[in-house]
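Colleague: I would like to see how this sequence folds:
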Amino acid sequence: MTLWAIVPVKPLRRGKSRLAGTLTEDERAELNQSLLQRTLKTLTGLKELEQVLVVSRDPNALHIARQHGARTVQEEGQPHLNTALTRATVVAKIYATRGVLILPADLPLISHEDVLTLIERAGDAPVVVIAPDRHRKGTNALLISPAGLIEYDFGDDSFQRHCERAREAGARLEIVELPSLGLDLDLPEDLELVRELEKVSSF
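Modeller: Numbers count the residues shown, from 1 in each chain. Purely as a prediction, here's the structure:
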């Protein structure tokens with residue numbers, strides 16, 4: 001299966017606004033840049049992914065992506081996430097990509113092994129592989145093969161909606177629940193949990 005990873009990235013200085021009570025704007029920008037770099041290092045090091053495509057309206061984020069060898073799509077205005085992902089998928093399909101892996105750049109514990117698990121669970125198309133967040137409400141990773149099989153429906157409580165779309169499309173549905181994939185950084189409590197886990201892993 002020819003597979004591209006698509007990474008949507010909000011403007012680095014505007015992302016993680018729900019952490020504004022905990023981190024300054026500069027600290028949030030630094031955090032967002034660090035998360036993006038970690039995600040890119042994880043993805044570009046995998047031979048199972050033919051290409052990594054970053055979609056953003058932030059020139060700095062796109063510059064970082066190109067430094068890591070990723071392709072980029074510059075978004076104009078303030079398109080909805082699902083619209084931006086649909087456009088990026090069209091670009092991927094031009095290059096005869098059979099499947100796409102949508103991976104937001106806010107998973108602080110993401111690893112090569114996590115991504116390989118998602119790919120291994122895919123197998124033969126048609127298939128949709130979903131990694132929900134730790135609350136089983138949001139979607140933290142979404143692999144779709146063939147690309148475009150279902151419409152993107154990211155947003156609050158997107159996990160169940162993506163599951164339903166997969167069933168309606170007649171695709172095999174695989175759900176991958178891993179602690180590292182389930183933890184995304186949205187709220188101060190998420191940040192505290194990551195700090196605690198980092199303390200444990202440092203021993």
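
Colleague: any low-confidence regions in this structure?
Modeller: By pLDDT under 70, the low-scoring segments of the chain are 1, 198-203.

Colleague: where exactly do the strands run in it?
Modeller: Assigned by DSSP state E, the chain shows strands spanning 3-9, 51-56, 71-74, 99-102, 127-132, 139-145, 172-175.

Colleague: mean neighbour count and distance to Leu35 for those strands - can I get that in JSON lines?
Modeller: All C-beta spots, glycine's among them, are computed from the backbone N, C-alpha and C. Formatted as JSON lines, the strands of the chain follow (neighbours: other CB atoms under 10 Å; distance: least, CB to CB, whole Å):
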{"stretch": "strand 3-9", "mean neighbour count": "25", "distance to Leu35": "9"}
{"stretch": "strand 51-56", "mean neighbour count": "23", "distance to Leu35": "13"}
{"stretch": "strand 71-74", "mean neighbour count": "18", "distance to Leu35": "17"}
{"stretch": "strand 99-102", "mean neighbour count": "24", "distance to Leu35": "16"}
{"stretch": "strand 127-132", "mean neighbour count": "24", "distance to Leu35": "16"}
{"stretch": "strand 139-145", "mean neighbour count": "25", "distance to Leu35": "13"}
{"stretch": "strand 172-175", "mean neighbour count": "16", "distance to Leu35": "24"}
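
Colleague: nearest to Asp184, of these?
Modeller: In terms of CB to CB, the element of the strands of the chain nearest to Asp184 is strand 139-145, at 5.4 Å.

Colleague: partners of the closest one, with directions?
Modeller: Strand 139-145 has the following strand partners under DSSP bridges: strand 99-102 (antiparallel), strand 127-132 (antiparallel).

Colleague: which helix runs longest in the protein?
Modeller: Counting residues, the longest helix found in the chain (DSSP state H) is helix 25-44.

Colleague: by contact count, what packs against that helix?
Modeller: If contacts are counted by 3 or more CB pairs under 8 Å, 6 or more residues apart in numbering; DSSP states H and E, helix 25-44 sits against strand 3-9, strand 51-56, helix 59-67, helix 112-122.

Colleague: burial measure for the nearest residue to Ala20 once chain neighbours are set aside, as a count.
Modeller: Counting by CB to CB, 6 or more residues apart in numbering, the nearest residue to Ala20 once its immediate chain neighbours are dropped is Arg28, at 7.2 Å. Arg28: 21 surrounding residues under other CB atoms under 10 Å.
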